[in-house]
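Visitor: Please find the sequence and the predicted model below.
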Amino acid sequence: MGPILLIVLLILAALVISLFEILTPSFGILGALALGCIGLAVYLAWGLSQTFGIVLIAVTVVAAPFYLVFLIRWLPTTALGQRVFLKRIEVGVGEGTPEAGALEAMIGKTGTAETLLRPSGAIRVDGKRVVALSESGMIDKGQTVKVIKAGLANVTVRLAEIDENTEA
């Protein structure tokens, strides 16, 4: 086997090993092996000609990122990739939390501040204690508040009197 054929086989082996690096959890071992194949190919090319070695280094440095991006974009479209990779599911903010629906249902309701909100504290709405964040400033304990927005695990409130004045 000639040295040029060996160089080509080492580069092809590096390409295949890089594919398996993406598909399997090898913790970088296969990536290091692929890098070793490329390094050996460059060493052999350098032994043939210094120019051939420099050209091979330049080609691999430029081509490797394109190859990896191609693999990452192309693999999920294949039958194997659809089995291996997770599907992307778009969910809204906070939809994964159990309280998400309950907090969304509180928007527009009024409650009472159970603690001093400066700017966060606790309020009670419909008999439920909820972590709340004041929209602006401090809200004293016992004041009536209105829920204006629901977040991941808390709600945003403002004083009910201020809300009534802005609506009028």
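Guide: That came through fine.

Visitor: where do the strands sit along this structure?
Guide: Secondary structure of the chain, counting by DSSP state E: strands at 110-113, 120-125, 128-134, 144-150, 155-159.

Visitor: Return the most buried member of the ones you listed.
Guide: strand 155-159 (a mean of 22; mean count of other CB atoms under 10 Å). C-beta coordinates here come from the backbone N, C-alpha and C atoms, glycine included.

Visitor: Report pLDDT for the residue nearest to Thr24 when sequence neighbours are not counted.
Guide: The shortest distance from Thr24 to any non-neighbouring residue, by CB to CB, 6 or more residues apart in numbering, is to Leu30 (7.0 Å). Looking at Leu30, its pLDDT reads 94.

Visitor: Count the neighbours of Leu30 for me.
Guide: Leu30 sits with 19 neighbouring residues when counted by other CB atoms under 10 Å.

Visitor: Next: Gln143.
Guide: Around Gln143 there are 17 residues (other CB under 10 Å).

Visitor: Now do the contacts for it.
Guide: Contact partners of Gln143, counting by CB atoms under 8 Å, 6 or more residues apart in numbering, are Thr112, Ala113, Leu159, Ala160.

Visitor: And Leu15, by the same measure?
Guide: Going by CB under 8 Å, 6+ apart, Leu15 touches Ala34, Tyr67.

Visitor: okay, it: pLDDT?
Guide: We have a pLDDT of 93 for Leu15.

Visitor: Might you list the low-confidence residue ranges for the protein?
Guide: Along the chain, the parts satisfying pLDDT under 70 run over 90-100, 162-168.

Visitor: what packs against the longest helix seen in the chain?
Guide: When every helix of the chain is counted residue by residue (DSSP state H), the longest turns out to be helix 50-74. In this structure, helix 50-74 makes packing contacts with helix 3-23, helix 29-48, judged by 3 or more CB pairs under 8 Å, 6 or more residues apart in numbering; DSSP states H and E.

Visitor: Same list (the ones you listed) but as TSV, adding distance to Phe66.
Guide: Output for the helices and strands packed on helix 50-74, formatted as TSV (distance: least, CB to CB, whole Å):
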stretch	distance to Phe66
helix 3-23	12
helix 29-48	15
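
Visitor: if we can go back for a sec, of all the strands of the chain, which one is nearest Ala102?
Guide: Closest approach to Ala102 among these is made by strand 128-134 (7.5 Å; CB to CB).

Visitor: which other residues reach the longest helix of the chain?
Guide: By CB under 8 Å, 6+ apart, the residues outside helix 50-74 that reach it are 7, 11, 15, 18-19, 22, 38, 41-43, 45-47, 81.
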